[in-house]
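1. below is the sequence, then the predicted model.
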Amino acid sequence: EPEVTQTPSHQVTQMGQEVILHCVPISNHLYFYWYRQILGQKVEFLVSFYNNEISEKSEIFDDQFSVERPDGSNFTLKIRSTKLEDSAMYFCASGWTHEQFFGPGTRLTVL
Amino acid sequence: DQQVKQNSPSLSVQEGRISILNCDYTNSMFDYFLWYKKYPAEGPTFLISISSIKDKNEDGRFTVFLNKSAKHLSLHIVPSQPGDSAVYFCAASRGGKSGAGSYQLTFGKGTKLSVIP
């Protein structure tokens, strides 16, 4: 059964450094998403990507964040200058319509 | 701004009995509702969903009920099994803007279900 994969599983970085989180969505899906979950809090929407462009983004997704789908299979989330408060689990998801299928997540720790 | 609320942080149920997880929402624009199950250190796993035009959807041991007038939905698991022990998230979606664009999910805080053997 196809699944969403994410790498790395855990990323540790220093405050102010750039990080790139990688995802391979399910290949025939049309919509791609990033969500995050800060420890003890709810899963929050960051951004959606459809037809090779951002279709919606939340208030969290500011100028420090960007997404790319460079080669038709990978889907990346870049944080340009990480802050302590960016420490969270980041989940990639993909889907056809409402139902979304999530990857296992990348735990980002900013020191 | 809690548009999706799961007011019970935890629930314990005996194996074989029914588990009922509840969820309330405030945004009338939501038109699709989903339940996800999550184990520690894993991503949410899709369980079952329901469109706002229906009031019930069933899949094996899992049934979701929607009461639009009360803005309430519930997930019933029967019979409950120890492997069902996990955190259950209610999520809501509205159609994408301009006909296509996004089905972003708004999640509740989750209910931790413990099924006791």
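-> It's in. Numbers count the residues shown, from 1 in each chain, chains lettered A, B, ... in the order given.

2. give me the nearest residue to residue 14, chain neighbours excluded.
-> Assuming you mean chain A. Closest residue to A:Q14 apart from its sequence neighbours, by CB to CB, 6 or more residues apart in numbering or on different chains: A:L111 at 5.7 Å. All C-beta spots, glycine's among them, are computed from the backbone N, C-alpha and C.

3. chain B, not that one
-> B:I116 (5.5 Å).

4. for B:P82, what are phi and psi?
-> The phi and psi torsions at B:P82 (degrees, to the nearest 10) take the values phi -60, psi -30.

5. the one 3 residues further on now?
-> Per-residue torsions, B:S85: phi -60, psi 120 (degrees, to the nearest 10).

6. that one against B:V115, yeah?
-> Yes. Here B:S85 lies in contact with B:V115, judged by CB atoms under 8 Å, at a distance of 5.0 Å.

7. let me see the ranges of the strands in chain B.
-> B:4-5, B:10-14, B:19-25, B:32-38, B:45-51, B:56-59, B:62-67, B:72-77, B:86-93, B:105-107, B:111-116 (DSSP state E).

8. briefly note if the third one comes near chain A.
-> No. Strand B:19-25 is not in contact with chain A by CB under 8 Å from any CB of the partner chain; minimum separation 12.3 Å.

9. repeat for the longest one
-> Yes. If you take CB under 8 Å from any CB as the test, strand B:86-93 does meet chain A, through B:89, B:91, B:93.

10. report the beta-bridge partners for the last one.
-> Okay, so that is B:S93. Counting by DSSP bridges, B:S93 forms beta bridges with B:Y32, B:L105.

11. doesn't B:D31 make contact with it?
-> Yes. Between B:S93 and B:D31 a contact is recorded at 7.2 Å, counting by CB under 8 Å.

12. who has more neighbours out of these two?
-> B:S93 (23 against 15; other CB atoms under 10 Å in any protein chain shown).

13. would you quantify the distance from the more buried one to B:S51?
-> For B:S93, the distance to B:S51 (CB to CB, to the nearest Å) stands at 10 Å.

14. who touches both of those two?
-> By CB atoms under 8 Å, 6 or more residues apart in numbering or on different chains, B:S93 and B:S51 have these common neighbours: B:31-32.

15. straight-line length of stretch B:105-117, end to end?
-> Across stretch B:105-117, the terminal residues are separated by 33 Å (CA to CA, to the nearest Å).

16. tell me how far that stretch lies from the chain's centre.
-> 8 Å (CA atoms, centre = their mean, to the nearest Å).

17. quick check: buried residues in it?
-> Buried residues in stretch B:105-117, counting neighbours by 16 or more other CB atoms under 10 Å in any protein chain shown, are found at B:105-111, B:113, B:115.

18. repeat for stretch B:65-83
-> B:65-66, B:71, B:73-77, B:80.

19. returning to that earlier point: wait, the residue nearest to A:Q14 sits on A:G16?
-> No. The pair A:L111 / A:G16 is not scored as a contact, 10.5 Å apart, by CB under 8 Å.

20. ok, back up a step: wait, which of the residues of strand B:86-93 next to chain A is closest to chain A?
-> B:S93 (4.8 Å; CB to the nearest CB).

21. now do the same contact list for that closest one.
-> The contact partners of B:S93, by CB under 8 Å, 6+ apart, come to A:98, B:30-34, B:103-106.

22. ok, 7 Å please
-> Shown in contact with B:S93 (CB atoms under 7 Å, 6 or more residues apart in numbering or on different chains): A:98, B:30, B:32, B:34, B:103-105.

23. out of those, which one sits closest to A:F91?
-> B:L105 (10.6 Å; CB to CB).

24. before I go, just wanted to say thanks for your time.
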